[in-house]
Each structure stands twice: as C-alpha cells, then as structure tokens.
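# return a 3D structure for these sequence lines:
(chains A, B, C and D)
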Number of protein chains: 2
Amino acid sequence: MTAGTAARRSDATRAAILAAARRRFAADGYERATIRAIAADADIDPAMVMRYYGSKERLFAAAAEFDLRLPDPAQLSRSGYGRALVRHFLERWEEDGTFVALLRAAVTNDAARDQMRDVFAGQIIPLVAAAAPADRRVAHRAGLVASQMIGLAMTRYVLALPPIARMSRDDVVAWIAPVLQRYLTRPAPPSTADS
Amino acid sequence: MTAGTAARRSDATRAAILAAARRRFAADGYERATIRAIAADADIDPAMVMRYYGSKERLFAAAAEFDLRLPDPAQLSRSGYGRALVRHFLERWEEDGTFVALLRAAVTNDAARDQMRDVFAGQIIPLVAAAAPADRRVAHRAGLVASQMIGLAMTRYVLALPPIARMSRDDVVAWIAPVLQRYLTRPAPPSTADS
DNA sequence: GTCTATAATTCGATAGAC
DNA sequence: GTCTATCGAATTATAGAC
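Have a look, this model is predicted:
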C-alpha cells in the first residue's frame, strides 16, 4: 500500500506543479515565470519541481503541450465552418490557460515558438486541407486563419485592448466568423504570383 | 569648438545605442535583451548606456517610442481604405524594428503593454473614427482592425509561420485589405447587445 | 519523498579613477 | 566623456542531510 499511496501523492504533486506552471507561464511568459513562484503557487518546495521535471525547459514543455481538439470538418456544414471555428477557439482557449501560456512564451522562447509552429502545421493546416479541398493554397489559407485567430488571442488576452477584451463571445463570433469563412473558401484574390 | 564636437559625438553615441536597443528588443523581447548585449552591439561600454539613459526601463521607453504615421483618411478614397492601410502598415513595420520591439516586449512588460494600448487609443481609434463616421461602434471596429494587423505582425515577424512570413507584400495586401475594409465600413452584424 | 544550503551565473546599477 | 571594478540581487541547478 505504501507504494500505491506514494505514487498517488506523487501524481497529485506533479499535477499541482503543472497547473501552477500553466498559470504562471500564461500570466508572465517564459523568463519571468520563475520556478520559485510556480512552487510557491503549488505550495511545495522549489527543489521538488526540479526533481520532477529536471529543468525549467522540460517543465515548460510539459505545461505547454497543447491540443486544440479541433472539430472534424466532416461533421460541419460547409457554410458554417467560420462560426464553428471561432466559437471552438474561444471555448478551448478559455477552458484553461495553456494556449495563452504557449503564445506568451513563444514570443521570447525558441522552443515555445517551435511548438507553436508545430500546432500550426499539425492541427491548423490539416483542418484547412479538409475544409478547403481541391485548392492548392491550403497553407496560405491556414496562415491567414492563424493570423486572425492569433491576433484575436493577443488583443483579447495578452494586450487586453479594452474593446476586444470586453466584447461578448457572441459579438466576437458574429464579427470574426465571416472573415474565417472568407479565408477558407473564397477564391484567391488576384495576385502577382502563383503558389 | 570642443563643446560642439563633444555634443555631436555624444549625439552619435546616443543614436547608436538607440538603434542597437531597438534591434535587441525586437529580436529578444524586454527581459532577454540585456544592456550588456546592447552595448556590445553599439560597440560602447555598458556603463555608457546607463549614463545616457539612466535605467533599462527608460532606455526601452526611448527605443519603443512609436508613431505609426498613419495616412490622413481625408486623402483616401472611401473604398480604398483597406488597401492603403495594409500597405502602409507593412511598409512602416519593415522600415525599422520599432514596432516589433514594442510588440515583443508588450507580452511580458507592463510598461510596453501600456504603450501598445496608447498607440491603439491614440492612433488607431482616431483613424477609424475619421474613416467610419456616423457609427457608434468605432472602438469595436478599431479593435477588430488591430486584432487582424497584430495577428499579421505576430505570424509574419515574431512566430514566422512559413506561409505568412514568405508571402509577398502584394499577396498580403490582396488577402487582408478586404477584411479591414469590412471591419471599417460593413454594417455591424446582428448582435446580442448594443454599444 | 522532502527540504536546507549553496554553487555557479548573470543581471542592473553604482562608485570612482583617468 | 569613458571605462574598470564591483556590489547586491535574483536566477537555475545541484549536493546532500533527514
């Protein structure tokens, strides 16, 4: 029983560290979120963080693992992609602080930036590929979707510009959904180059 | 003549420090850009930075002073706002690294975040007010414009997502301009609340 | 498993010689 | 005006007692 109890306690400690790390990384970014502060939040000794996660970098990697859990495009009506996507992003972001932590850290930390690129390549691009078939500009369209959604996250959570931070979810959806819809499905505008 | 020469030399040194500071703050963000590294870039002694600017915070404030130099809406055709704005942003951003420095620092530094809010309130909102008269949702519209443009800056310069970072200016303008145009002039979509 | 003590760096800032 | 030397604080990380 001793081993079982210890394992369970140790798991709870690990989880507490991870939750505190996510909050701190989300609030302060990578360099300003200190192991000491994270440990204090989790009400444990700083040395335990090192014992469990080895280094600050590996702790961050564990805390910032992020799955957008995007809906399957096959389940959505083609005309409703925009609305469904914006609503899903807002709900997923506000479910926990992981995405904001990742976004904030990605600005100054190379590993976090690479992780953001992975989220883009591994989750956004496949979704757009499924939603906008028979179009060779999938990467462009996905990048444009990302640009609007990352800008929304920045202005709503990180910079907290008052008009965007205070806007209701419904208003955000009503304004942004048509833009995503356009990026996903609209014929490419006249351009100097093909790609 | 001695005073004049000294003054000129001192001015050149100040300018060199400021240019190096902008590059470092843009590349590394506020905390990781050290005074020592900035001084090394400018090829002067770190102590001189302190002598000239007093503290790292005041150096940043000087380096991140930023004027978007937005065009006068009265000079533009109402249907061409979107195109003119996107093009102007791209040119102004790439003219020097000041905006990226400010954006990067604003994620972890409170003073920089406040400065970003000031740029929004003092430069974006007045422009939108002039471009979209007789509409009470000016702050909303300005916030939406900011969300798309900040997202563009993030994905193109900070995260450097390949499809956006590699896109030509003309393609960026062709894709983004209609979105800004929509945020500026389109009747507000049906919403739960008025404001 | 937990915590104390501390090593090893690195930073912003200061004092003072020249 | 310029630079050397250094302080004091804060950080990650480690070693080892209990």
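
# touching, residue A:98 and residue A:66? I think so.
Yes - the criterion here is Cβ atoms under 8 Å, and residue A:98 meets it with residue A:66 at 5.0 Å. All C-beta spots, glycine's among them, are computed from the backbone N, C-alpha and C.

# and the residue nearest to the spatial centre of chain A, what is it in contact with?
With distances taken as Cα atoms, centre = their mean, residue A:99 lies nearest the centre of chain A, 2.9 Å away. Applying Cβ atoms under 8 Å, 6 or more residues apart in numbering or on different chains, we find residue A:99 in contact with A:66, A:68, A:92-93, A:153.

# list buried residues within those residues.
A:66, A:68, A:92-93, A:153 (16 or more other Cβ atoms under 10 Å in any protein chain shown).

# tell me the one of the residues you listed nearest DNA strand D?
residue A:66 (21.1 Å; Cβ to the nearest atom of the strand).

# can you list the domains in chain A?
A:2-63, A:73-185 (automatic domain parsing).

# most packed of those domains?
domain A:73-185 (a mean of 19; mean count of other Cβ atoms under 10 Å in any protein chain shown).

# save the domains of chain A as a markdown table, and put in mean pLDDT and distance to residue B:23 too.
Formatted as a markdown table, the domains of chain A follow (pLDDT from 0 to 100; distance: least, Cβ to Cβ, whole Å):
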| stretch | mean pLDDT | distance to residue B:23 |
| --- | --- | --- |
| domain A:2-63 | 89 | 19 |
| domain A:73-185 | 95 | 15 |
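
# for those, which one sits closest to DNA strand D?
It's domain A:2-63; of the domains of chain A, that one is closest to DNA strand D (Cβ to the nearest atom of the strand) at 3.6 Å.

# quick one, helices of chain A?
A:2-32, A:35-42, A:46-53, A:56-63, A:81-95, A:98-106, A:110-119, A:125-131, A:138-153, A:162-165, A:169-185 (DSSP state H).

# out of those helices, which is closest to residue B:24?
Closest of the helices of chain A to residue B:24 is helix A:2-32, at 14.4 Å (criterion: Cβ to Cβ).

# and DNA strand D, is that closest one touching that?
No - Helix A:2-32 lies apart from DNA strand D when judged by Cβ under 7 Å from any atom of the strand; the minimum separation is 7.7 Å.

# and that helix, what other elements does it pack with?
When contacts are defined as 3 or more Cβ pairs under 8 Å, 6 or more residues apart in numbering or on different chains; DSSP states H and E, helix A:2-32 packs onto helix A:35-42, helix A:46-53, helix A:56-63, helix A:98-106, helix B:2-32.

# and the third one, is it in reach of DNA strand D?
Just to be clear, that refers to helix A:56-63. Yes - applying Cβ under 7 Å from any atom of the strand, one finds helix A:56-63 touching DNA strand D at A:56-57.

# again with the second one
Yes - in terms of Cβ under 7 Å from any atom of the strand, part of helix A:46-53 sits within range of DNA strand D, namely A:46-47, A:50.

# mind putting these into a markdown table with distance to chain B?
Below are those laid out as a markdown table (distance: Cβ to the nearest Cβ, whole Å):
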| residue | distance to chain B |
| --- | --- |
| A:46 | 20 |
| A:47 | 24 |
| A:50 | 21 |
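
# picking that back up, looking at the contacts of residue A:99, spot the one nearest residue A:130.
residue A:68 (13.9 Å).

# list phi and psi for the closest one.
When read as degrees, to the nearest 10, the backbone of residue A:68 gives phi -70, psi -20.

# hang on, it packs against residue A:119?
Yes - in this structure, residue A:68 is within contact of residue A:119 by Cβ under 8 Å, at 6.7 Å.

# give me the residue from chain A nearest chain B.
Residue nearest to chain B within chain A (Cβ to the nearest Cβ): residue A:151, separated by 2.1 Å.

# what residues does that residue make contact with?
Counting by Cβ under 8 Å, 6+ apart, residue A:151 has contacts B:146-152, B:154.

# do you know how far it is from residue A:53?
In this view, residue A:151 and residue A:53 are 32 Å apart by Cβ to Cβ, to the nearest Å.

# cool, and residue A:183?
38 Å.

# and residue A:45, by the same measure?
For residue A:45 relative to residue A:53 (Cβ to Cβ), the value is 13 Å.

# do the same with residue A:36
14 Å.

# got it, and residue A:105?
Taken as Cβ to Cβ, the span from residue A:105 to residue A:53 is 15 Å.

# ok, now residue A:173?
Residue A:173 is 38 Å from residue A:53, by Cβ to Cβ.

# I figured residue A:183 hits residue A:145, correct?
Yes - using Cβ under 8 Å, residue A:183 is in contact with residue A:145, at 5.1 Å.

# list the residues that contact residue A:159.
Contact partners of residue A:159, counting by Cβ under 8 Å, 6+ apart, are B:106, B:113, B:116-117, B:150.

# TSV for the residues you listed, including distance to residue B:18?
Below are the contacts of residue A:159 laid out as TSV (distance: Cβ to Cβ, whole Å):
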residue	distance to residue B:18
B:106	19
B:113	21
B:116	19
B:117	23
B:150	24
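
# residue A:128: which of those residues is nearest?
Residue A:128 has its nearest neighbour among the contacts of residue A:159 in residue B:150, at 21.2 Å by Cβ to Cβ.

# fine by me, thanks again.
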